[in-house]
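In: Here is my input; please provide its structure:
(one chain, ligands or ions: 1)
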Amino acid sequence: MTAILDVQNVSKTFVTPLDLAEKLANLMGATNREIRVQATSDVSLTIDKGEVLGLVGESGCGKSTLGRTVAGIHQASQGEIVWKGKKLSAMNAREKRAYVLAVQMIFQDPFSSLNPRRRIAQAVGEAPVAHGLISRKEQDDYAVEMLTRVGLDPSLRDRYPHQFSGGQRQRVGIARALAVNPEFLVCDESIAALDVSVQAQIINLFIDLREELDLTYMFISHDLSVVRHISDRVAIMYLGRVVELAPTRELFANPLHPYSAALLSEAPDLRSGKRSFHPISGEVPSPLNPPSGCHFHPRCPHSTDLCRTERPVLRQVAPGRQTACHLHAT
Ligand code: SF4
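Out: Take a look at the predicted model:
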């Protein structure tokens, strides 16, 4: 396998600056400070061409931020995204434009990104025209081709977004992404808002498209049963850090990190029909003030003094398996 995307020590910090009133108050002796949230911290992982990497974790763990950083929507505060061996920060304008087309994002709610006054054929065909991939004359036929590819009846092309069901809208969102010939899709909770039967259809569509178009995926989800079904490998995130990275089968058979083990033991299972997600014990700490050392130590049944003071690094513990836990440090 050849690496197509390399995430190298990527951190993303969001800063909310002081407003004018807070600045004025500081001049008079107050001690207001800007708010800094470290959404991702020193994340490193590689994705091979044609691979599906699942990215999971509880709400607020930084998985969407990482996905958006990979897709070029957020700029990394530190670290590098490397695409086919070239650093994003070293790309010229032409290379960056090509990257932004090659890496497309599929969101949970495609409706919010569709103009309610534009017909679906226009929504699907406008980006390839704007980027010079097709001519204006070809737009309608091209949109029909894309709609057909994602399993939509092309006779629906003159309809507006509100005339589609949730599943159909998601197919439109996928058609829009495919229209610019991407190589890599970042799917961010792309099926979370859909009914279970429609979820299965969209997952099958993703699997088929991977085969037909040789696509690579970063598949972000809080739903482990979905990730298990579609992914070759899984990265588990906790409070901005990757804590375990493993082939899917091995992870589900034998999770090494205590957080992974807790998460998997509570996971809903499509086969048993158990759908509700039960969070593991304890609250997810605030990313505004994360715990010292291992972020998971306040919830971990195995924590020691070392865990409270020293961050465990993500290290290889077996072929293809990495975990960040002092239990596996030797
Ligand atoms: Fe638990 Fe310590 Fe491992 Fe963190 S490093 S998961 S606190 S045993």
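
In: all contacts plus neighbour counts: C-alpha atoms, from now on.
Out: Will do.

In: and stretch 312-320, how far from the chain's centre?
Out: Taking C-alpha atoms, centre = their mean, to the nearest Å, one finds stretch 312-320 lying 22 Å from the centre of the chain it belongs to.

In: buried stuff in it?
Out: 312-316 (16 or more other C-alpha atoms under 10 Å).

In: Can you add secondary structure, distance to Arg68 and pLDDT and give these back as JSON lines?
Out: Output for the buried residues of stretch 312-320, formatted as JSON lines (DSSP: H, G, I helix; E, B strand; the rest coil; distance: C-alpha to C-alpha, whole Å; pLDDT from 0 to 100):
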{"residue": "Pro312", "secondary structure": "coil", "distance to Arg68": "25", "pLDDT": "96"}
{"residue": "Val313", "secondary structure": "coil", "distance to Arg68": "24", "pLDDT": "95"}
{"residue": "Leu314", "secondary structure": "coil", "distance to Arg68": "22", "pLDDT": "95"}
{"residue": "Arg315", "secondary structure": "strand", "distance to Arg68": "25", "pLDDT": "95"}
{"residue": "Gln316", "secondary structure": "strand", "distance to Arg68": "26", "pLDDT": "95"}
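
In: So which of those residues would count as near the ligand as well?
Out: Pro312 (C-alpha under 6 Å from any ligand atom).

In: Please identify the buried residues of stretch 85-98?
Out: Under 16+ other C-alpha under 10 Å, the buried positions of stretch 85-98 are 87-88.

In: Equivalent analysis for stretch 301-310, please.
Out: Result for stretch 301-310 [16+ other C-alpha under 10 Å]: buried residues 303, 307-308.

In: Just the residues you listed: which are in helices?
Out: Among these, the ones falling in helices (DSSP state H) are 307-308.

In: Run through the buried residues of stretch 301-310 and flag the ones next to the ligand.
Out: Among the buried residues of stretch 301-310, the ones lying near the ligand by C-alpha under 6 Å from any ligand atom are 303, 307.

In: quick revisit: adding distance to Glu211, write the buried residues of stretch 312-320 out as a markdown table.
Out: A markdown table is the format used below for those (distance: C-alpha to C-alpha, whole Å):
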| residue | distance to Glu211 |
| --- | --- |
| Pro312 | 38 |
| Val313 | 35 |
| Leu314 | 32 |
| Arg315 | 32 |
| Gln316 | 30 |
